[in-house]
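Colleague: sequence below, structure please.
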Amino acid sequence: MRIVPCLTLLLLVFSVSAQAPEPAPLAHGSVPGEPHHHLRIENEYVRVYYVEVPPHENTQLHQHDHDYIYVSLGPADVVNAVRDKPEVHLALRDSETHFTRGGFAHVARNLADTPFRNVTIELLHAQGEAHNECGFVIPGQGGAICDPPFASEWADTQFETTEVRLDLLWLFANGKHTESTSKLAFLAVGLGGPQVRINAKGKLPKTLRKGEVEWFDPGSEVQFSHEGTEVAQFLELTFKDSALRRRP
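Modeller: Okay, the predicted model is just below:
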């Protein structure tokens, strides 16, 4: 008579385990996935997503197979609930940028009365060793304090891995930054503040606004500029191994 309750308990545990949700995929190509991740760029190096979670809502449980960088667009108050790990509360500042190793599934819960927005850049190549430079991109790891000098433009390397380098570009009063026949591919990410003008050889001029992303192949000739006395900023993520794969 005591066997039946034990069997019932075992069946109940098995039933609960069997109903555990599978992580939603992140969208790539025409494949639907986690609905708060909106694919913007996909190539052999990256998948870039614009992420927006409404106030007091959650993402679905979803899987990050690759290392990635995320850039917060505005302040955020979120809970990062990684499957099978304790939850972590994050209070993020506007433009705060972090690097995260992949290989986990999680839910992001927005605790704020405003949308949680970010740019998530999945790095499709193995990144190897990673370290901070002038930024605190890797949480819990120290970095150097790098004050920009007075100039028309300046670049601070925020962090590096074996495969990529992340620079924060400063454009001072009417500043300009030129990539003259860049040997490597790079991604530009717009931050807050004054808008940045992009003039790329062979393309129509564009404006890089907050949260927007632009991809540039090796060999691109690009000038970034802005007009006014305020300081404009944007991020450049350079792919060190792209010269090896440059097509003739």
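
Colleague: from residue 241, how far out is the residue found closest to residue 125 once you drop the neighbours it is linked to in the chain?
Modeller: Nearest-residue entry for residue 125: residue 163, 5.2 Å, with adjacent residues in sequence omitted and distances by Cβ to Cβ, 6 or more residues apart in numbering. Quick note: C-beta positions are derived from backbone N, CA and C, even for glycine. Computed with Cβ to Cβ, to the nearest Å, the distance linking residue 163 and residue 241 is 6 Å.

Colleague: can you give me the end-to-end distance of stretch 223-230?
Modeller: 18 Å (Cα to Cα, to the nearest Å).

Colleague: do stretch 39-47 as well
Modeller: 7 Å.

Colleague: again with stretch 121-134
Modeller: This stretch, stretch 121-134, spans 20 Å end to end (Cα to Cα).

Colleague: that stretch: which residues count as buried?
Modeller: By 16 or more other Cβ atoms under 10 Å, the buried positions in stretch 121-134 come out as 121-125, 127, 130, 132-134.

Colleague: I'd say residue 221 and residue 199 touch.
Modeller: No: in this structure, residue 221 is not within contact of residue 199 by Cβ atoms under 8 Å, at 9.1 Å.

Colleague: quick one: residue 185 and residue 217 touch, right?
Modeller: Yes: at 5.5 Å, residue 185 counts as touching residue 217 under the criterion of Cβ under 8 Å.

Colleague: neighbour count: these two, which is higher?
Modeller: residue 185 (24 against 13; other Cβ atoms under 10 Å).

Colleague: does residue 178 really touch residue 223, like I thought?
Modeller: Yes: counting by Cβ under 8 Å, residue 178 touches residue 223, with 4.7 Å between them.

Colleague: any regions of the chain where pLDDT drops low?
Modeller: Applying pLDDT under 70 to the chain picks out residues 1-20, 148-153, 181, 244-248.

Colleague: could you chop it up by domain?
Modeller: Listed by automatic domain parsing, the domain ranges of the chain are 21-123, 130-245.

Colleague: got the contact list for stretch 96-109?
Modeller: Contact partners of stretch 96-109, identified using Cβ atoms under 8 Å, 6 or more residues apart in numbering, comprise 23, 53, 57-72, 78-83, 85, 116, 122, 130, 135, 137-139, 158-159, 161, 166, 235.

Colleague: quick one: buried ones out of those residues?
Modeller: Of the contacts of stretch 96-109, these count as buried by 16+ other Cβ under 10 Å: 23, 53, 59-64, 66-72, 78, 81, 116, 122, 130, 135, 137-138, 158-159, 161, 166, 235.

Colleague: common neighbours of residue 163 and residue 241, please.
Modeller: Common contacts of residue 163 and residue 241, defined by Cβ under 8 Å, 6+ apart, comprise residue 125.

Colleague: so the two - more neighbours on which side?
Modeller: residue 163 (20 against 13).

Colleague: and that one, how far from residue 238?
Modeller: Counting by Cβ to Cβ, the gap from residue 163 to residue 238 is 10 Å.

Colleague: mind listing which of the buried ones among the contacts of stretch 96-109 are in helices?
Modeller: If you go by DSSP state H, the buried ones among the contacts of stretch 96-109 have nothing in helices.
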